[in-house]
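Participant: My questions concern the predicted model and sequence given below.
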Amino acid sequence: MDNNWMNAPGGSNNPANNNSWAAPPGNDQNYVPNPNQYGNPSQMMNQNYGAQQQQPQPPPQRQQPPPRAVSNISSTSHSSAAAPPATTPTTSHKAPTDPIIADRAGDEETEDGRIRNKEAASKIRDAWIYKQIRARQDEFTTYQQGRIFVGTWNVNAKGKDENLSSWLCADWHQYGPPDIVVVGFQEMVDLNAVNVAVENKSQQRSQFWVDRIRSTLNSRENTMGDPMRAYTQIAVKYLVGLLVCVFVKAPHKPRLKYVGTDSVGVGVMGVMGNKGGVSIRLQFYDTTLCFVCTHLAAHRENVAGRNADFANVFSKTSFEIGEEAVSEVIRSGSLNKLSAGTSSVGISEHDISFWFGDLNYRVDESIPTERVLELSKMNQLSELIEQDQLNVERAQGRVFQDWEEGQLAFKPTYKYQPGTDLYEERPDKKLRAPAWCDRILWLAQEPGHVSQLNYVRSEINISDHKPVMSTFLVTIKDVVLSKRMQVHKEVIRLLDTFENNSLPMLSLDRIKLDVGEVRYDQRVTQQIIITNTGKVVAPFRFVPKLEEEALCKPWVTVSPAYGMLIPGEQTQIEVTVTISNATAHALNTSREVLEDSLILRLENGRDYYISVSGKYARSCFGMSVDDLVLYTDPIRDVPLDPILRAEKYDLNTKAAMCVPKELWRIIDAIYERGLDERDLFSTPGNPDEVYQIRECLDTGAPFENFSVHSMTEALQSFLSNLSSPVVPSSLFPTLDIDAQNIQSFARKFLEDMPPIQYNVFIYTISFFREVLLHRQGNRLSPAKIARICCTCLVSSAQGNGEEGAESLPKRRGNMQQIMLHFLETNSI
């Protein structure tokens, strides 16, 4: 698409001779400018405007096959109805669809007892049509390639007249001017109480930065005085210190539509705008794009806060674009929303989404601040990248699931002395570890449609952050309406041939599912094969039981929860039983049994009832220490039924043991295997061994030759998954702790503990004190052991009310100091 846009009207690049990017007749929103005035906008996608034309290669860390049959960025002619890049279909990143697609209030019962829900039938029908059209989208879609620039910068409330070209236009000489420029700012104003409450300066500063970006992009040097090389502002959204703005090349503006914006505050009290996200979405030709600029929770230790902020922004961001816009993208096969009748879309319901900003993820605290500074200044980044919190959290699946990020090949962008290229080390300032706070990630329904050309930072130095930017090569879809209408007619015609016959019928290969014995933290899945044995389409769905809202009990999941079968077609329903910690606690306390029934409703037909049952193999995991000390027998031999348990044991007697035998066994086993093992409590264990250790604890079987790392992981898992923590949040200190009062706080803490919890706490702390005697070999420190104790022994429940929720991290910090005191004091 890097074609000469000044071709003569009769040339091969004249839009009159090439319809692959021309708007269909009668579509006013897709109006294409007069070809005699300037060239076809598709021919101006990714113009290099004097730059050396070349095919950019993606960074080495992203090994993807090159797009097939897609118009090349440096080609001189368009390919008609080209196929998209070959990709492996993925679905895990797509927006979750509510399995309850229609309320039971819409159910209609006929005289012969059949039940029909017109709303559900209509949505299921639309979803089936969507699937067929999406499978055939290559028949009515042409593909071109364009470039998108994404930049982010925390300006620390600074900025006057510095040159932005080294940030916004740094790679134009290599790749040419991008088709879309997206820029995000954080802290464009001071995040003080006045600005957060009334946003009295946000509008003024946002306009300042938008004007600066516009003047940079449209400078004489960049446009050479030609208005067709200029950029047009499409949308701006700000929230206190956050700003996101989108510019596109002027010729493309007629092919942009359905622009939407949203903002989500997640700061003070969970709603204020000192932290949060601002977003813009749009349809570029027939590709839907979403851009999210965020500023997440600060402080090195607050990883959970950042993860929660991401989840809040992701779930709460919604663009009201109208039912007509949603219906159009469904018809084009580009929206991952199977249920029609909605007028809004979320972040993941776009072909491509970009997430950028000051995400505030730091280098893990296991690397001291001084060491991070030293490695950053020497540009020795591999150790820091390995311990980067965002990389760690993404690898563990706790945040940005299925999003992608390029390789970090630049030095940490925070924290600098403003006005210099030096990390902040002045003695009068707090010493902070450098970090890659400023990041750019992306999410694509078709991963092969996005290739990152670069991921770098700028050296503008007015802020304590460095700007970051990335240019992407993206595949853009352009739908040929006449061909799409033909495909749509063919799909409807096929559907009509079956809908005009008689009633639907299904056959199920079984209606009773017995998953057998299920263990703690285990998932057991069984399948049901359903077949359409009738002569018409059979839309089906699972529905809740009467006076219930959920399809099934929490320990059961069903996939898919609805669908449609044409005659003779069959599909497989997976029913999965999962024993989570909450389910195990409910089973142990006889508040739950592994029995449930599912209702499979055939629209305009009958209901099918499916029973699900199983037997819980009781485990010490998910129980309370108060229950565990009652039994000397292996917990697997203790009946779940309260009547049988009362017949076998006298539960009115005192506890049989001071501490649970399971805790004693595993600590004793760790002693035997040696406390000098290097990286004890840091190196993960073997998952199979951890599972076998749990079985040994539950059945009383002797331990095999398991590794000490597997034993320590099992110990942490046992303590962390107690149904009630050893240290509840009610015992957290409410006042600040210092050297003068920590002794009294510690004494009061022990006095207030219930007897069994007191025994477990003292026993566990004594063990960890013994572990610290071997610190020279295991390389553990009291601070690290204190963090482990907090993770294993302390409640993670939220505080009561807003004040309690805000003070909980501080109170947990105080609790960690008490743990450290118990570990280091001469006597407990």
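Facilitator: Arrived safely, thanks for sending.

Participant: partners of residue 470 in the sheet?
Facilitator: Beta-bridge pairing of residue 470 under DSSP bridges involves residue 150, residue 455.

Participant: if I pick it, what's in contact with it?
Facilitator: Residue 470 is in contact with 149-151, 406, 440, 452-456, counting by CB atoms under 8 Å, 6 or more residues apart in numbering. From N, CA and C alone the C-beta is placed, and that goes for glycine too.

Participant: Let's see that with 6 Å instead.
Facilitator: For residue 470, the contact set (CB atoms under 6 Å, 6 or more residues apart in numbering) comprises 150, 440, 455.

Participant: Who wins on neighbours among the residues you listed?
Facilitator: Comparing the contacts of residue 470 on neighbour count, residue 150 comes out first with 25 neighbours (neighbours: other CB atoms under 10 Å).

Participant: pretty sure that residue is touching residue 352, no?
Facilitator: No: counting by CB atoms under 6 Å, residue 150 sits too far from residue 352 to count as a contact (11.0 Å).

Participant: Need the overlap of contacts for the two.
Facilitator: Between them, residue 150 and residue 352 share no contacting residue under CB under 6 Å, 6+ apart.

Participant: quick revisit: same list, the contacts of residue 470, but as a markdown table with distance to residue 556 and pLDDT please.
Facilitator: Below are the contacts of residue 470 laid out as a markdown table (distance: CB to CB, whole Å; pLDDT from 0 to 100):
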| residue | distance to residue 556 | pLDDT |
| --- | --- | --- |
| 150 | 42 | 98 |
| 440 | 40 | 98 |
| 455 | 43 | 98 |
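
Participant: now those residues as a markdown table including distance to residue 293?
Facilitator: Listed next are the contacts of residue 470 as a markdown table, based on distance: CB to CB, whole Å:
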| residue | distance to residue 293 |
| --- | --- |
| 150 | 9 |
| 440 | 10 |
| 455 | 17 |
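
Participant: In terms of pLDDT, where does residue 51 sit?
Facilitator: Here, the pLDDT recorded for residue 51 equals 39.

Participant: Show me which residues of the one helix or strand residue 122 maps to are buried.
Facilitator: In the assignment (DSSP states H and E), residue 122 maps to helix 118-135. Buried positions in helix 118-135, judged by neighbour count with 16 or more other CB atoms under 10 Å: 120-130, 132-133.

Participant: Stretch 520-535 now?
Facilitator: For stretch 520-535, burial by neighbour count (16+ other CB under 10 Å) applies to 520-521, 524, 526, 528, 530-532, 534.

Participant: Contact partners for residue 780?
Facilitator: With CB under 6 Å, 6+ apart as the criterion, no residue contacts residue 780.

Participant: Next one: it relative to residue 770, how far apart?
Facilitator: 11 Å (CB to CB, to the nearest Å).

Participant: Same question for residue 301.
Facilitator: Relative to residue 770, residue 301 is positioned 27 Å away (CB to CB).

Participant: can you check residue 373 too?
Facilitator: Distance, residue 373 to residue 770, using CB to CB: 35 Å.

Participant: ok, back up a step: the helix holding residue 122 - contacts with which helices or strands?
Facilitator: strand 538-543, strand 562-565 (3 or more CB pairs under 6 Å, 6 or more residues apart in numbering; DSSP states H and E).

Participant: Which of those strands sits closest to residue 618?
Facilitator: Closest to residue 618 of the helices and strands packed on helix 118-135 is strand 538-543 (CB to CB; 29.6 Å).

Participant: these two touch, right, residue 437 and residue 415?
Facilitator: No: Residue 437 is beyond contact range of residue 415, at 8.3 Å (criterion: CB under 6 Å).

Participant: between those two, who's got more neighbours?
Facilitator: Legend: neighbour count by other CB under 10 Å for residue 437 and residue 415, higher for residue 437 (26 against 21).

Participant: Apart from its neighbours in sequence, what residue is nearest that one?
Facilitator: Once flanking residues are discounted, residue 437 sits nearest to residue 414: 4.3 Å by CB to CB, 6 or more residues apart in numbering.

Participant: And residue 248, by the same measure?
Facilitator: Residue 248 sits nearest to residue 180 (CB to CB, 6+ apart), 5.2 Å away.

Participant: and stretch 578-596, how far apart are its ends?
Facilitator: 13 Å (CA to CA, to the nearest Å).

Participant: Run through who's touching it.
Facilitator: Counting by CB under 6 Å, 6+ apart, stretch 578-596 makes contact with 518, 520, 522-523, 552-553, 555-556, 612-614, 616, 622-623, 642, 721, 723, all of which sit outside it.

Participant: Filter those down to the buried ones.
Facilitator: Using 16+ other CB under 10 Å as the burial test, those include 518, 520, 552-553, 555-556, 612, 614, 616, 622-623, 721, 723 as buried.

Participant: Does anything pack onto the helix or strand containing residue 614? Which helices or strands?
Facilitator: Using DSSP H and E, residue 614 sits in strand 607-616. Secondary-structure packing of strand 607-616 (3+ CB pairs under 6 Å, 6+ apart): strand 512-518, strand 595-602.

Participant: Format the CA atom coordinates belonging to the very next helix or strand once past it as PDB.
Facilitator: Next along the chain after strand 607-616, taking DSSP H and E as the criterion, comes helix 625-628. This file holds the C-alpha atoms of helix 625-628, laid out as PDB (Å, rounded to 0.1, in the frame of the first residue of the first chain):
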ATOM      1  CA  VAL A 625      -7.300 -26.500  62.200                       C
ATOM      2  CA  ASP A 626     -10.100 -26.800  64.800                       C
ATOM      3  CA  ASP A 627     -11.600 -29.800  62.900                       C
ATOM      4  CA  LEU A 628      -8.200 -31.400  62.100                       C
END
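
Participant: Following element in sequence after helix 625-628, please.
Facilitator: helix 642-648.

Participant: Give me the contacts around that following helix.
Facilitator: Contact with helix 642-648 is made by 590, 639, as judged by CB under 6 Å, 6+ apart.

Participant: rerun that using 10 Å as the cut-off
Facilitator: Residues from elsewhere that reach helix 642-648 (CB atoms under 10 Å, 6 or more residues apart in numbering): 589-590, 630-631, 633, 637-639, 641, 651-652.

Participant: Alright, I will stop here.
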